[in-house]
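# from the sequence below, what's the structure:
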Amino acid sequence: MKNLSPKVSVIVTFYKKSDYIKETLNSILNQTYKNFELIFVYDDEDKNDLLYVKELLQRFKKKKIIINKKNLGVAKSRNKALKHCKGTFISFIDADDIWKKNKLQFQINFMIKNNVIFSFTSYVVINEENKIIKSRIVPRFTNYKNLVKTNFIGLSTVIFRKSIHSKVKFPQLKTQEDFALWLLLVRQGIKLVPINQKLSFWRKTDNSLSSNTFQKIKDAFTLFYKLENKNFILSIFSVITISYNKILKNI
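Numbering: from 1, shown residues only. Below is the predicted model:
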């Protein structure tokens, strides 16, 4: 059985999420799959929450704590964390999201059985009070054509093999950084495999960067124009397309 339970590196970046971080960390600790290490990045100039976070992290036997002197943003923080990962598999969870208990067990077993390099799952959307808002169901397959229209890959659902570690680097965007990375991986020929199981809860909050519409539109244009090398008109059209699809998802 030893070869069926390889180590998983779990990356968490923290910025002003003290109201939710305990529940997030509990969902990691309570996993039925136990062979994991935690790579935790405290990404806040304000160190008022640091003592509280350190107390919560004491429960983790295998961990690496990285404390940024100033706020670097999620892209740089995740890239720093990736350098410390020792697991055969690498996963992410945002500091206000929650995993179901069997998340790692189910997904890792699926990836081993089917020789999958990169996988992601369906997930449930919750609000600040943990009330279920809706579910996001992944499509049956992933290619550049359908992914570029809308980002249906939730970061907290992603697991990939360390074998592609050198290809995984988040672009320097305040938002859309994960979307930009998924598009890059698809263009490099990596198969992103969907799993239609709702194994995570994604928290929708009103004051998060991911809820900042202007910032998301700005970063989306940068993504298409500079990273995807589309011309100005196509970049504008692509921003309109993903914005329209985002509205449809929220109806």
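
# where does Ser243 land on pLDDT?
Turning to Ser243, the model gives it a pLDDT of 78.

# not counting sequence-adjacent ones, nearest residue to it?
Nearest non-adjacent residue to Ser243, counting by CB to CB, 6 or more residues apart in numbering: Ile217, 6.7 Å away. (Glycine included, C-beta is placed from N, CA and C.)

# which helix or strand contains the one you found?
Here Ile217 sits within helix 213-222, counting by DSSP states H and E.

# pull the residues that contact that helix.
Here helix 213-222 makes contact (CB atoms under 8 Å, 6 or more residues apart in numbering) with 173-177, 179, 209-210, 235-236, 238-239, 242-243.

# report the distance from the longest strand seen in the chain to the chain centre.
Looking across the chain with DSSP state E, the single longest strand is strand 192-203. Relative to the chain's own centre, strand 192-203 is displaced by 11 Å; criterion: CA atoms, centre = their mean, to the nearest Å.

# packing partners for that strand?
Judged by 3 or more CB pairs under 8 Å, 6 or more residues apart in numbering; DSSP states H and E, the packing partners of strand 192-203 are strand 98-99, helix 103-113, strand 118-126, helix 177-187.

# separation between the residue nearest the centre of the chain and Ile240?
Using CA atoms, centre = their mean, the residue of the chain that lies closest to the mean C-alpha position is Leu155, 2.1 Å off. Separation of Leu155 from Ile240 (CB to CB, to the nearest Å): 24 Å.

# for the next helix or strand after the helix holding Ile217, which outside residues touch it?
Toward the C-terminal end, the helix or strand that comes next after helix 213-222 (DSSP H and E) is helix 232-250. Here helix 232-250 makes contact (CB under 8 Å, 6+ apart) with 136, 148-151, 217, 220-221, 224-225, 228, 230.

# could you find the closest non-adjacent residue to Phe118?
Excluding its sequence neighbours, the residue lying closest to Phe118 (CB to CB, 6+ apart) is Phe160, at 4.2 Å.

# that neighbour touches Ile90, doesn't it?
Yes - at 5.8 Å, Phe160 counts as touching Ile90 under the criterion of CB atoms under 8 Å.
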